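>>> what follows is a predicted protein model with its sequence.
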Amino acid sequence: MTEDVLERERQFHDLWAAAIEVDGINVKDYFEACTAPENRFILQKIGDLRGKSLLDLGCGAGESSVYFSQRGACCVASDYSPGMVDVTLKLAAANGVQLEGKTINAMEIDFPNNTFDLVYAANLLHHLPDADRALQEMHRVVKPGGKVCFWDPLRHNPIINIYRQMATAVRTEDESPLDIRIVDRIQSLFSQTEYDTFWLASLLIFCQFYLIERVDPNQERYWKKIISEQARLEPTYLRLEKLDQLLKKIPLLRRFAWNLAVVATK
């Protein structure tokens, strides 16, 4: 079963990788755009990256690997999809940085204990048949005092769940968004855990894409569109983000956010 899931994920992401043009990727936006609150949260917590050894687990097209390398990290870009690793290396070359690329199963990380200062994973855990096993592996390969940072979608919001039911062509059949209770598991593994949730009222932007702009969710990935069009969306997003900050003061509502971001210290 696990091998079948991993093979379907690999095939899906290899096919996606074959269609990616690295010239169209603005690496900086994925971490500094107003519509990238998850990564902005993570950057606030991890500090100076110069000279740090960093494993980018599930690197995808390589935006995070290249960004971290530009800021002085010694980065290993890894993915279960060899196609995505190849795209990452092309993106690194296009941006004038060097990094190592490696095909890795996140549930069986091929590195010794206590290897990295930082492990980063974006949108990875919900693709895995055993997210807890991956968390244990991330904990194993990070050094004492090092940090594991990730962000992933949550399963509780009915609006985003409707989107998931519609956007079948741009998602894999085995995806399983996280339960907010995964935070309890992380806290049991690590000595310190900081987290936040993002996109409550701001999910109205997805409604704008679908209901007003008539963007086909199977033709454009909404989670990419919010980054590529961040300048246009900024006034609307910033107003909605202020409302989100108020809504998150109500503990019960935090679980209904789209994404969870975590920075955990070993």
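Yep, it's here. Fair warning: this is a prediction, and the values are worked out from it, not measured in the lab.
>>> and the longest strand for this protein?
Longest strand in the chain, counting residues (DSSP state E): strand 142-153.
>>> strands along the stretch 51-200 of the chain, start to end?
For the stretch 51-200 of the chain, the strands defined by DSSP state E, counting those that start in this stretch occupy 53-57, 74-79, 100-103, 116-122, 142-153, 192-198.
>>> tell me the contacts of residue 260?
The contact partners of residue 260, by Cβ atoms under 8 Å, 6 or more residues apart in numbering, come to 151-154, 178, 180, 182-183, 195-198. Every C-beta, even on glycine, is put in place using the N, C-alpha and C of the backbone.
>>> export the longest strand of the chain as CSV, just CAs?
Taking Å, rounded to 0.1, in the frame of the first residue of the first chain, the C-alpha atoms of strand 142-153 are listed here in CSV:
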residue,chain,number,x,y,z
VAL,A,142,18.3,17.4,12.9
LYS,A,143,21.0,18.2,15.5
PRO,A,144,20.3,18.8,19.2
GLY,A,145,19.2,22.4,19.4
GLY,A,146,18.4,22.4,15.6
LYS,A,147,15.0,23.3,14.2
VAL,A,148,12.4,21.4,12.1
CYS,A,149,10.2,23.8,10.2
PHE,A,150,7.2,22.9,8.0
TRP,A,151,3.9,24.1,6.8
ASP,A,152,1.0,22.0,5.5
PRO,A,153,-2.7,22.3,4.9
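>>> start at 31, not 1
Done: numbering now begins at 31, and the last item shifts to strand 172-183.
>>> other residues contacting it?
Residues contacting strand 172-183 (Cβ under 8 Å, 6+ apart): 68-69, 72, 75-76, 144-156, 165, 168-169, 190, 207-208, 220, 288-296.
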